[in-house]
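Colleague: fold the following.
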Amino acid sequence: GDLTPEAAAAVLSENRYGDMRAKAARHLAGAREVGPETRRCLIESFADMDPEVRLACFDALEQQGWWNIDKLRYFLEDIDCPILRAAFLRKLAGFLRPMNATARHREIL
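Modeller: Residues are numbered from 1 along each chain as shown. Just a heads-up that it's a prediction; the model follows:
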């Protein structure tokens, strides 16, 4: 059957297989809305050892409209995975495009 966001969050936080955690996070990316507990689970999953899981969590939070420039900056400083850094930078570029990049934004990049 179809996983509820809560059930997917449980898989994301408790399953020992990276592919299952990534699948759960991708499922959450398709959810219309997630609650605060599920959102916290997605945020905590940025510490996951599997880059696919981290990328899927990024996408899920993006679908929820959670990202802003300050959150991106906070996480970007700790990301060592090239694929995820690229995703963050693309998202950051999306925020910068509509506005003139200030010195602060250039410093972030």
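Colleague: so how many other residues sit close to R54?
Modeller: Applying other C-beta atoms under 10 Å, we find 23 residues neighbouring R54. C-beta coordinates here come from the backbone N, C-alpha and C atoms, glycine included.
Colleague: got it, and P51?
Modeller: 16.
Colleague: now it: how far from E33?
Modeller: 26 Å (C-beta to C-beta, to the nearest Å).
Colleague: what about the helices in this structure?
Modeller: Assigned by DSSP state H, the chain shows helices spanning 5-14, 18-29, 36-44, 51-63, 69-76, 82-96, 103-108.
Colleague: mean pLDDT for the ones you listed - can I get that in a markdown table?
Modeller: Converted to a markdown table, the helices of the chain look like this (pLDDT from 0 to 100):
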| stretch | mean pLDDT |
| --- | --- |
| helix 5-14 | 94 |
| helix 18-29 | 92 |
| helix 36-44 | 92 |
| helix 51-63 | 88 |
| helix 69-76 | 82 |
| helix 82-96 | 82 |
| helix 103-108 | 65 |
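Colleague: figure out how far stretch 10-17 is from the centre of its chain.
Modeller: On the basis of C-alpha atoms, centre = their mean, to the nearest Å, stretch 10-17 sits 16 Å off its chain's mean C-alpha point.
Colleague: ditto for stretch 59-67
Modeller: Distance, centroid of stretch 59-67 to centroid of chain: 7 Å (C-alpha atoms, centre = their mean).
Colleague: cool, stretch 59-71 as well?
Modeller: For stretch 59-71, the distance to the chain centre is 7 Å (C-alpha atoms, centre = their mean).
Colleague: same check, this time on stretch 23-40
Modeller: 10 Å.
Colleague: now that stretch: buried residues?
Modeller: Buried residues in stretch 23-40, counted by 16 or more other C-beta atoms under 10 Å: 23-29, 31, 34, 38-39.
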